[in-house]
Each structure stands twice: as C-alpha cells, then as structure tokens.
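*Asks:* Below: sequence and its predicted model.
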Amino acid sequence: MLKNHNTSMENKRVLIVGMGNSGKAAAQAMVKLGAHVSVADSKKEEDINPQLITFLKDKSVECYFGRLPQSISEFDVIILSPGVPPELDFIQEARAAGAEVIGELEIAYRVGKGNYVAITGTNGKTTTTTLVGEIYKRAGKKTYVVGNIGVAVISKALMADDDSWLITETSSFQLETIKEFKPAVSAILNLTPDHMDRHKTMERYSAAKADIFKNQTEKEYCIINYDDRECVRMAKKCRAKVVPFSRIKQLDFGAFVKEEHIVIKDEAGEGHSICRTDELLIPGSHNLENALAACAIAYFGGIDPEDIAEAVREFKGVEHRIELCGEIDGIKFVNDSKGTNPDAAIKAIEAMKKDIILIAGGYDKGASFDEFVKAFDGKVKALLLLGKTATKIKDTAEKAGFTNTIILKDMEACVREAYGMAKAGDVVLLSPACASWDMYSNFEQRGSHFKSCVEGLER
C-alpha cells in the first residue's frame, strides 16, 4: 500500500505559516529538499527563538515576523501550522491566485516514506497513540510516534523507509488541510463537542475528523467506536473496512470485552483473547476503550496478538493524563492537565473513586460546562477555578446547585487552597476541562507547573 514518492519540492516557492513545532520542522525539511522557503508568524522577530532566526537567515529563508508578504500570489505552496485557520483572508487570496494550501501532515506524507496509522477523536488520542507505538515497537517494527502528540510528522517522515510505521496522532486542525494523506489504518475514538471557537458547529468538527478516512479504500482499515453514536454515523460514509470496537457489546467482528477479557474477532470469525481487563494498568472505563482501540489498530495493522498482549499489560499511561504525581498526608494529587475539554475532564472524574477537590478552568474554546458540572454527582467536594473560564464555570455550577466554588489567581494558589481543605483519603485533581493557552504555552507546561506546586507543598 506504499505510495508513490515522486513529490519534488526543488525550486518550489513555499511559504510556511506559523513557527510552532510543525512549522519549524517543515521549514527545515523544505530547505533540505531545495525549496525557496519563506516563513511567516504573527509574533514579532524579538519574540522568536534567536537560534531559529539564525538557522533561517543562514539558509536564506525570507522571514515575515509580525507581518505578511507584500505579494501573497508569488507562492506555489502554502504550508499551514495546525493553529492557523485556513479561512484567513490572506490564505484565501493565495488559494485564489493558484497556490496549493496544505498542512505539515500532508506534506510529510508526500515527501517522506513509511506506512501510517492515524488516530483521531475528541479524547484519548495521546494515550491510544502512545500505546499503539509501544505495541509496534514490541513487535520489532521501525516505529515513529508523531503528530499532535508533540513530534512533527515531517521530522520523522524523511528518516522513514518503506518498512517504517508512523503512528500518528491527528487533530481536526491537521486533518482539515489534507488532500492525499491515506493511512493503512485509521481510527476515530469518540466525538464530543470541542474546538467550537474554530469549527463553529459540530457538523464542521465531525467533517474535519471524517477526513481521516476520506482517501482510504477497501484495502485499508478504519477502527470505529461502536459505542459512540456519532462515530457509527460517520462510518457509513467510509470506504475502508470498518472495524468496530465496543466496551459494552459483544461483537461478531472487531474488538470487545467478553468475560472480563479483551477479545478480537477477525474477518474469518476467529476469536483472539488478548488479556484480562484487570491487567490494564491505566484506570477508568475510558482507558479500557483506548486499549480496545489500540488492540484493534495493531491487530488489523498486522501485529501478532502475543506482542499486543505484552505491550498492553506493561503500559503505564502517559504524562499529564490521570497521572498520580504525589501523595501527602494521605491526600493524592492527580495531574490530568491533558483534560482540555469538558468530556475529557468528565472521564477523569469518573475514573476517581474517592472525594475530589477539583481544579479547573482555562482558555475558553466555546464549550458548555453543563455536563461537566452534572458529572460531579456527589464525588466533587470543592471546585477551585482559575483562568478565563473561571466565572463561566462558577456560574454554571451555581445554577446547577453546586456552590462550593472558589476563584483563585493562579495554579499555586489553587494547589495551596486544595491542600488546606483536603483530608486523608481525598484526591486533589487537576482536570481543567479547558485549553491552557490563556496562562500557559500548552497543557504540558500547565501540568508540569501543577506538579512543581505539589512538590513545593512537601518542602
């Protein structure tokens, strides 16, 4: 199923918009491939990493920081970073002038080698992608874990060979700029409202996610959550072989739970028991779903059940996702900074068994917090809020009858307040239900700050 690798960027006039991880990697790759490269970013030059500036200038890259090129029509290709909306006026102008507008994922697919597994969904992407990567490594495959997980796809695509596997976490932002990208195995884990500030409607958000399988044929596989109504609806448009997974139902084909075991039933109807559900080291029913998805992805991607089982049994989860990061005086501190939308935070609350003091709030992506507050369900004792959404969440909670809420100025104040009110047996849970961009560069920085605040309590 390997693609044709004849795409040449030599002498193409390329503009890369956005100098985050993917933009920087795209610039380095395009320089290496002989393109005439320009870069643009809304930040001014003094706010850009000096080492990056030096690299770009050494390579004769034209830089537009805090401004746009005067003539946008001069470019053959525009490569957008995921954070850049394709609807911006200057991008539309370039498209109208004949430029091809694509993202870093698409260009990586075209100029690199390797086989792709692509995983998307509202929640669980990072955990599932990391676990699938571990399974492929266990099976002895040359494996790169890339994408929205923090490693630019193009940085590894140029290293890959025909036998390599790129296990790729793909966001809706990345998928809305693909054209030819075709994974051997795709997966949609779940769909709940997210990024409404960018996509505006659930229909547009779902359509971006569905792009993951738009180029697949009956020769490829698409793994779908059979317990998620929106996923099932989307799968009706998929030309690939649809493989369902279910935590609730036993299936004639796909991955499911039977007698407390994860089981895969293949196309011939033969069942393969992978492991017992109580052998999973990652807590919560949502992580059982992630494990089912990972097992299905790997099995239909050609991995032996024994290798799948060994990797699943050993997998301890990922940093910043329901991560136990400390215990003081019998009070557990759990870092779920990856809970960047209400549904992810609900899953973290559901995974806790004890009384919770919840720290939440952050950048407003246009989400409703009604279901988030409803999930407190007697388990959340107190709600400590920070960031731009603090008042919005407080108002939602109070309308629902939950009044033990406090708005605080920063993470340090929240952690100190939580510790002061907690008693032995309680859990202090950071699960913001919001993005981090109002106070932090990313959720990793937010989670690391939470952990350092917890460490500060012990000194």
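*Replies:* Thanks, I have the structure now.
*Asks:* Mean pLDDT per helix and strand in the chain: which one sits at the bottom?
*Replies:* Within the chain, no helix or strand scores below helix 196-199, which has a mean of 59 by mean pLDDT, DSSP states H and E.
*Asks:* Now the following helix or strand past that helix: buried residues?
*Replies:* Per DSSP states H and E, helix 196-199 leads on to helix 202-210 as the next helix or strand towards the C-terminus. Residues 205-210 are the ones in helix 202-210 that count as buried (16 or more other Cβ atoms under 10 Å). (Each C-beta comes from the backbone N, C-alpha and C, glycine too.)
*Asks:* List just the nearest of those residues to Ser285.
*Replies:* Checking the buried residues of helix 202-210 against Ser285 by Cβ to Cβ gives Lys209 as the nearest, at 21.7 Å.
*Asks:* Show me where the stretch 101-250 of the chain has its helices.
*Replies:* 104-111, 125-138, 153-157, 172-175, 196-199, 202-210, 229-235 (DSSP state H, counting those that start in this stretch).
*Asks:* Give me the helices and strands touching the fourth one, please.
*Replies:* Spelled out, it's helix 172-175. If contacts are counted by 3 or more Cβ pairs under 8 Å, 6 or more residues apart in numbering; DSSP states H and E, helix 172-175 sits against helix 104-111, helix 196-199, helix 202-210.
*Asks:* Alpha carbons only: can I get it in CSV?
*Replies:* C-alpha atoms of helix 172-175 as CSV (Å, rounded to 0.1, in the frame of the first residue of the first chain):
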residue,chain,number,x,y,z
SER,A,172,-9.1,18.1,13.5
PHE,A,173,-6.9,21.1,12.6
GLN,A,174,-4.3,18.8,10.9
LEU,A,175,-7.0,16.8,9.1
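*Asks:* Pull the contacting residues for Ala26.
*Replies:* Going by Cβ atoms under 8 Å, 6 or more residues apart in numbering, Ala26 touches 16, 79, 81, 104, 107, 152, 154.
*Asks:* I'd like those residues as JSON lines, with neighbour count appended.
*Replies:* Listed next are those as JSON lines, based on neighbours: other Cβ atoms under 10 Å:
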{"residue": "Ile16", "neighbour count": "30"}
{"residue": "Ile79", "neighbour count": "31"}
{"residue": "Ser81", "neighbour count": "23"}
{"residue": "Glu104", "neighbour count": "29"}
{"residue": "Ile107", "neighbour count": "28"}
{"residue": "Ala152", "neighbour count": "22"}
{"residue": "Ile154", "neighbour count": "28"}
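*Asks:* mind showing which ranges of the stretch 1-150 of the chain have poor pLDDT?
*Replies:* For the stretch 1-150 of the chain, the stretches with pLDDT under 70 are 1-6.
*Asks:* Just give me the neighbour total for the residue lying closest to Phe181 once chain neighbours are set aside.
*Replies:* Once flanking residues are discounted, Phe181 sits nearest to Tyr109: 4.6 Å by Cβ to Cβ, 6 or more residues apart in numbering. Here the count is done by other Cβ atoms under 10 Å, and Tyr109 has 28 residues near it.
*Asks:* next one: Met421
*Replies:* With neighbours defined by other Cβ under 10 Å, the count for Met421 comes to 16.
*Asks:* Return the residues in contact with the residue nearest to Phe181.
*Replies:* Going by Cβ under 8 Å, 6+ apart, Tyr109 touches 3, 116, 153, 157, 178, 180-182.
*Asks:* and the residues you listed, which are buried?
*Replies:* With burial judged by 16+ other Cβ under 10 Å, the buried subset of the contacts of Tyr109 is 3, 116, 153, 157, 178, 181-182.
*Asks:* could the residues you listed be laid out in a markdown table, adding distance to Ser452?
*Replies:* A markdown table is the format used below for the buried ones among the contacts of Tyr109 (distance: Cβ to Cβ, whole Å):
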| residue | distance to Ser452 |
| --- | --- |
| Lys3 | 44 |
| Tyr116 | 36 |
| Val153 | 31 |
| Ala157 | 35 |
| Ile178 | 38 |
| Phe181 | 38 |
| Lys182 | 42 |
